[in-house]
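Asker: Have a look; sequence and predicted model below, questions after that.
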Amino acid sequence: MSALLSVADVHISYGKVEAVRGVSLEVATNEIVTIIGANGAGKTTLLNAIMGVLPLKGRTSFAGTDMAPLDIEDRVATGLSLVPEHRELFGTMNVEDNLELGAFRIAKSVAANSLERVYALFPRLKERRKQLAGTLSGGEQQMLAMGRALMGAPKLLMLDEPSLGLAPIIVADIFRTVGELRAAGVSVLLVEQNAQAALQIADRAYVMELGEFVLEGSAKDIASNKRVAASYLGFQHEGESAV
Amino acid sequence: MNTTILLFLLQDGITNGAVYALLGLALVLVFAVTRVILIPQGEFVTYGALSYAMLATGQVPGTAQLAVAMGLAAFGLDLFFARKALHVRLALRSAALNIVFPVALLAVTYKVAGPATPMAVNIALALLIVAAIGLFLYRIAFQPIAHTSVLVLLIASVGCHLALQGLGLVFFGAEGLRGPALSNAAVTAGPLRFTGQSLAVYGLTVAFIVGLWLFFGYTRMGKALRATAVNRLGARLVGIRTTLSGQIAFLLASVIGAISGILIVPITTLYYDTGFLIGLKGFIAAIIGGLVSYPLTAVAAILVGIVEAFSSFYASNFKEVIVFTLILPVLVLRSLAAPAVEEEKD
Amino acid sequence: MAQRFPLIVFAVVMALIPLIPGVPPFWIVLLDNIGLAALVAMGLVLLTGVGGLTSFGQAAFCGFGAYTTAVLTTAYGVSPWLTLPASLMVSGIAAVLLGIVTVRLSGHYLPLGTIAWGIGLFYLFSKLEFLGRNDGISGIPPLSIGSFRMLSPDTIYYAIWIAVLLSALLTMNLLDSRTGRAIRALRRGHIAAEAFGVQTPRAKLLVFIYAAVLAGLSGWLYAHFQRAANPTPFGAQAGIEYLFIAVVGGAGYVWGAVLGAGIVVVLKEVLQSYLPYIFGGQSQLETIVFGIMLVLLLQLAPSGVWPWLMSLLPFKPARRTPDTSLQLQHPARASGSSPVLLKIEKARKQFGGVTAVNDVSFDVNAREIVALIGPNGAGKSTTFNLITGVLTATSGKISVLGKEVENAPPQEVVKLGVSRTFQHVKLVPDMTVLENVAIGAHLRGSSGAISSMLRLDRAEEARLLAEAARQIARVGLSDQIDQLAGSLSLGQQRIVEIARALCVDPQLLLLDEPAAGLRHMEKQRLAALLRQLRDGGMSVLLVEHDMGFVMDLADRIVVLDFGTKIAEGTPAAIKRNPDVIKAYLGAAA
């Protein structure tokens, strides 16, 4: 079966600086794939470029469609969705309006069903549905950002650092939800600094350093890789980098 | 001062203020959604007013031809920017909006224009023509540079103002025009006399404010526009086209401008360049509202109208000086209230 | 003097133009107008392009200059040359009064405010009795030297262009100086500049006045060129046009102002004279075409024509290398005997209902490297901002060397010897590494704007640049010294920030995620540098997520979670601390 998302030999530059160099990756239907790596490795840049927020050189196709000529808005319509690092919520609008806009491209009758499902997934959002998004706690904002993306009934959800700045207990909650998404037929591409948690729920993983993938494989293999363990999972690290 | 003068000045101020409020609302709307400070708002006012006045005399205004010309340019731009992924449906849709619509409008205008045309038809035609111009203006002048800085957008906006004002002279001549009143009825209440026209001004202003409130609060498209204003990237990530939001904002602004013009042209003689100054006063109200708040803008607009009425009575020479200096203390207060820490995002 | 060469050539060419036989007098008039517009636009280059303060009101300052001389010469018979200082003074004073209000405006309010007072002043000019209302003042005497009266366009031509060239020279001198760097840093936000002692409101006011005085000079020349003054050329439209000139030329470039003035003035003239021939006698056609061309030009070249021309040049101007043998004096600071360099006692910061920093206390001793770690959003950067005075604490006490930093602004904190880097790099991307780093030495120089313009600051400037070059060498970026900061990788930019912080000659260095984005070898080098600094007597407080780096380097670690300190101790103790493992390090540690 062909991949849902396929990215081949992608280069991304900020002016003269090349932030991502020759990266290729695939995500299959019903798969959870994670990209781990240090701050500044280029993970966020890669996700943004796949979504069309940044321009890239290389080939990207999603669900059999070439992404190159499509704007962000058209990529959303093909079933690709990004929950960005800064969440980008509509802070001065309430939770329900945020969710409703998540289904902007979806027929209103379908959207009503989606809303019930998102509320079932995140009961906290239902409790706070009349509250302004900007006044939610960090964890609730992350839930809202994921909920808003799910309202558009995506085939692939790309999550950028969902655990960022959240208490460990909420992180666990978020990761549990990510696991549940697969059951609902949504594939996930997850970018995380919290490598441990990410590797636990992922099927496959890529390790990114300084704009390149230095390792890829099943999550299990990556988790047991010595260099990864040294660099990302513990403190035994003594000067040995994965490069 | 006696009460009669006071009341009269208040009434005058509120009537003008209501028009400024409409324009201020449109400016806030356009700025919030597109970051364009809409200097040509004043031209929408004059185009609406003078097109209506010309139609009332049975002539076809040049604005109808301008809409066709701008539509052609917009069509060309659509094709050019979509050249990589051009398909028939897109081209047809663009042709329908940019060519068929203004050409049909021009044809209808030629067909029905005459001294006996009902007023409602003239108003509808004037509104549609200006609406088309507003829509195409965004497509031609602003959509290609939508990502640039507020400064560049502002200067482009000035360019549009210059071009449209110059065209206004070509279309309407240097002589001022007046249009027929919507209603010649009048109501007297104590010392005050309310003309049907001024009542229409109040009524339409209130209707528009309520209408905008409903649109932004309860419709999906209205919420999408708000979302674009709050967070452009967020809006794009849920599939809201910022270009569509921009077009709708310009469409609303041009219709609001044209309506304001049609409302005041029976009261005062308008010249091809009067709109600029009227627009600027709406602009002051919009600034006082911080370019974000609709209710504050409406209240500020009424205040501007009242201050203007009183200063034209007491110091008519310095009317404009007073009105324009009025906003400096407001701006200072607004800046002081603004958060001191710059945002970390670039 | 290779840099002056093009300027001299330009000056000679301009001087010869009127002498060429057969040059139509009309061309000279155009050149006069170009010069007048260029003067105003040059002020805008400094104000808007370099300083980031957009003003639509510059035409009003021309008005101040023009009306001052008009009134003084016609009503009081003062000689034109004597009114020059008066015109400049009046423009300058008007700028001070308006500027005090205007530079306090933030964001979009600033340009909007300038539109407002620009229009207000226009109406004031056109209504005041003693300024002749709408008719203005006529019969202004020409400039004259002895019995030579500058009546014709080609005589005042020299006065105008000498003014333009001198202003360009002075402006470029100003930009290439200590004050100039402070001005150039304004556009990227005030936080970084203030962290190195720049008084940003004062710097903003300075450029505001400078631009106004240039506009006043243009107005003064205009009045004696036209021999009349009326309100029209000083209205909102003109103010907008000046800004347009600056943007067309390239808003950050002094010569862009001259080029932009040339393009716009000639364009308008061509349109005015030829359009009627093409389209018949329709009036105002040139406004239409001018407006359309303006929009087109912005769509094609939004950053202006001058930078585009420069990028076509086959060679790049050479740069001088600073003479690093020059020494800069160490700043005089009270060197306390207490071993505690930084003391934080129950510091607390609330934003609305959220407590970002919750009664945190810890010390940094002399010659010590302390790391501050914790999950994102734990309050680490907020703590940095409290120490450096960017934010004021809701409660608690922070002291440096026993001296309490009670709500001191960043400019005062840096004087105590505390300098910092930023989590989100705050360099000026279009300045070179050397210039960026030299901002760090701002407080170690004292030359002001006037001495910079007149080049009296060169000895001090050389010492400042030498110090900057030394610190760049120290962090190992000497090869990149002349590159634009924006062209470096993010990791290198972080190192540039460290060099800039070192230029303060600090006692305490605050580093916010210095190792992020560095390669392994670069991290090793950074660690070695920080150890060397500590051994040399400096203390370092750093925020960092790279645990390998932190555990190796830090003498002590403070752990924050949800704004609260949950642990403090040696790296070995922190690694084993169950609270830290639970909140931050994770179970597998």
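Answerer: Arrived safely.
Asker: pLDDT on the helix or strand hosting C:Glu241, on average?
Answerer: If you go by DSSP states H and E, C:Glu241 is part of helix C:236-249. Averaging pLDDT along helix C:236-249 gives 87.
Asker: Check stretch C:196-208 too.
Answerer: When pLDDT is averaged along stretch C:196-208, the result is 92.
Asker: One more: stretch B:302-318?
Answerer: Averaged across stretch B:302-318, pLDDT comes to 86.
Asker: List of residues touching that stretch?
Answerer: B:5, B:9-10, B:12-21, B:281, B:284-285, B:288, B:319, B:322-323, B:326, C:123-124, C:127 (C-beta atoms under 8 Å, 6 or more residues apart in numbering or on different chains). Where C-beta positions appear, they are placed from N, C-alpha and C, glycine not excepted.
Asker: Can you measure across stretch A:181-196, start residue to end residue?
Answerer: Stretch A:181-196 has an end-to-end distance of 19 Å (C-alpha to C-alpha, to the nearest Å).
Asker: Could you do stretch C:374-386 as well?
Answerer: Taking C-alpha to C-alpha, stretch C:374-386 runs 17 Å from one end to the other.
Asker: List the buried residues in it.
Answerer: The neighbour-count criterion (16 or more other C-beta atoms under 10 Å in any protein chain shown) identifies C:Gly374, C:Pro375, C:Gly377, C:Ala378, C:Gly379, C:Lys380, C:Ser381, C:Thr382, C:Thr383, C:Phe384, C:Asn385, C:Leu386 as the buried residues of stretch C:374-386.
Asker: how distant is the helix or strand A:Gln200 falls within from the center of its chain?
Answerer: In this assignment (DSSP H and E), A:Gln200 forms part of helix A:195-201. Distance of helix A:195-201 from the chain centroid (C-alpha atoms, centre = their mean, to the nearest Å) equals 14 Å.
Asker: which stretches of chain A form strands?
Answerer: A:5-14, A:17-27, A:32-37, A:57-62, A:65-66, A:80-83, A:156-160, A:187-192, A:204-209, A:212-218 (DSSP state E).
Asker: scratch that, chain C is what I was asking about
Answerer: Per DSSP E, chain C carries strands over the ranges C:137-138, C:144-145, C:148-149, C:228-229, C:340-351, C:354-365, C:369-373, C:395-400, C:403-404, C:418-420, C:508-512, C:539-543, C:556-561, C:564-569.
Asker: so which of those is the most packed in?
Answerer: strand C:418-420 (a mean of 27; mean count of other C-beta atoms under 10 Å in any protein chain shown).
Asker: who does that strand pair up with?
Answerer: Take DSSP bridges as the rule and strand C:418-420 pairs in its sheet with strand C:508-512 (parallel).
Asker: what does the partner strand rub up against?
Answerer: Applying C-beta under 8 Å, 6+ apart, the external contacts of strand C:508-512 come out as C:341-342, C:364, C:380-381, C:384, C:387-388, C:400, C:417-423, C:498, C:501-502, C:530, C:533, C:538-544.
Asker: Apply 7 Å and report the result again.
Answerer: C:341-342, C:364, C:381, C:384, C:387-388, C:400, C:417-423, C:498, C:501, C:533, C:538-543 (C-beta atoms under 7 Å, 6 or more residues apart in numbering or on different chains).
Asker: So which other helices or strands are in contact with the helix or strand of chain C with the lowest mean pLDDT?
Answerer: Among the helical and strand segments of chain C, the one scoring lowest on mean pLDDT, DSSP states H and E is helix C:285-300, with a mean of 80. Helix C:285-300 sits against helix B:150-172, helix C:254-279, with contacts defined as 3 or more C-beta pairs under 7 Å, 6 or more residues apart in numbering or on different chains; DSSP states H and E.
Asker: in that helix, what's buried?
Answerer: Quick answer for helix C:285-300 (16+ other C-beta under 10 Å): C:285-295, C:297-299.
Asker: Contacts only, for the spatially closest residue to C:Ala223 that is not a sequence neighbour.
Answerer: Nearest residue to C:Ala223, sequence neighbours excluded (C-beta to C-beta, 6 or more residues apart in numbering or on different chains): C:Ala66, at 4.0 Å. Applying C-beta under 7 Å, 6+ apart to C:Ala66 gives the contacts C:Gly219, C:Trp220, C:Tyr222, C:Ala223, C:Ala229.
Asker: Try it again at 8 Å.
Answerer: Contacts of C:Ala66 by C-beta under 8 Å, 6+ apart are C:Ser87, C:Gly219, C:Trp220, C:Tyr222, C:Ala223, C:Ala229, C:Phe234.
Asker: Then B:Asn122?
Answerer: By C-beta under 8 Å, 6+ apart, the neighbours of B:Asn122 are B:Tyr52, B:Leu55, B:Ala56.
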